[in-house]
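# here is my input, please return the structure:
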Amino acid sequence: MELIQSFSVDHTAIVPGIFISRVDQVGSGIATTYDIRLKKPNREPVIDVAAMHSLEHIIATFLRNDPDWKDEVIYWGPMGCLTGFYLILKGNRSPQEIYELIVRAFQSVNDAEDVPGATPENCGHYLMHNLAMAKWYAAAFTDYLEANSGKSEIFEYPRTERLVTDAGQHFYDS
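Numbering: from 1, shown residues only. Have a look, this model is predicted:
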């Protein structure tokens, strides 16, 4: 079985940032999946689950209400490894082109007085939220992005190289 694209990223070398995970033809258009990585995989503690849930609610609400981007947003949600989020947008823009949107989205968390949709009617686990921790993670990520905006490594994935034997066995050089 072939590995999916997100497993071709060298998770031992990736740093927090904004990356293109994949670009797909969808009907007559294009959808781009972005990896919004807040943590260094396997080297930093993952994002607290309740804070991750709150970040998901607040930023999804922000993105789907932003007057310039709301019609472009297809999906915003957490990675299973709890090191970041996936954002799917219509079209194909570079990570640098969505940088300001991501910064504003994470800055919006600081202004939140509550977590939107955190009621039993609107959320599958409405008690699992932590707004204070969400604000802490959002501020740390925003500060990091702003301090590193001129560095290419926050916009370009490190890739693994695959060596394949004649028998089809994969070896990774990273």
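
# on the three-state scheme, Thr142 is what?
helix (DSSP: H, G, I helix; E, B strand; the rest coil).

# return the distance of Arg64 relative to Ile74.
The gap separating Arg64 from Ile74 is 10 Å, by C-beta to C-beta, to the nearest Å. For glycine as for every other residue, the C-beta is placed from the backbone atoms N, C-alpha and C.

# ugh, typo on my part, it should be Trp136
From Trp136 to Ile74 the distance is 28 Å (C-beta to C-beta).

# check Pro41 too.
In terms of C-beta to C-beta, Pro41 sits 24 Å off from Ile74.

# of these two, who's got more company?
Each of Pro41 and Ile74 has its neighbours counted (other C-beta atoms under 10 Å); Pro41 has more, 20 against 12.

# can you confirm the more buried one is in a strand?
No: according to three-state DSSP, Pro41 belongs to no strand; its state is coil.

# how about it: what's its closest non-neighbour residue?
Spatial nearest neighbour of Pro41, chain neighbours left out: His11 (4.3 Å); criterion: C-beta to C-beta, 6 or more residues apart in numbering.

# over to His125?
With C-beta to C-beta, 6+ apart as the criterion, His125 has its nearest non-adjacent residue at 7.0 Å, and that residue is His53.

# if I pick that neighbour, what's in contact with it?
His53 is in contact with 78, 125, 128-130, counting by C-beta atoms under 8 Å, 6 or more residues apart in numbering.

# just among the residues you listed, which is most surrounded?
Most surrounded of the contacts of His53: other C-beta under 10 Å gives His129, at 24 neighbours.

# for Pro116, see how far away it is.
Distance from His129 to Pro116, by C-beta to C-beta: 10 Å.

# shared neighbours, these two?
Common neighbours of His129 and Pro116, using C-beta under 8 Å, 6+ apart, are His57.

# got any ranges where this structure has weak pLDDT?
Across the chain, the ranges flagged by pLDDT under 70 are 1-8, 159-165, 168-174.
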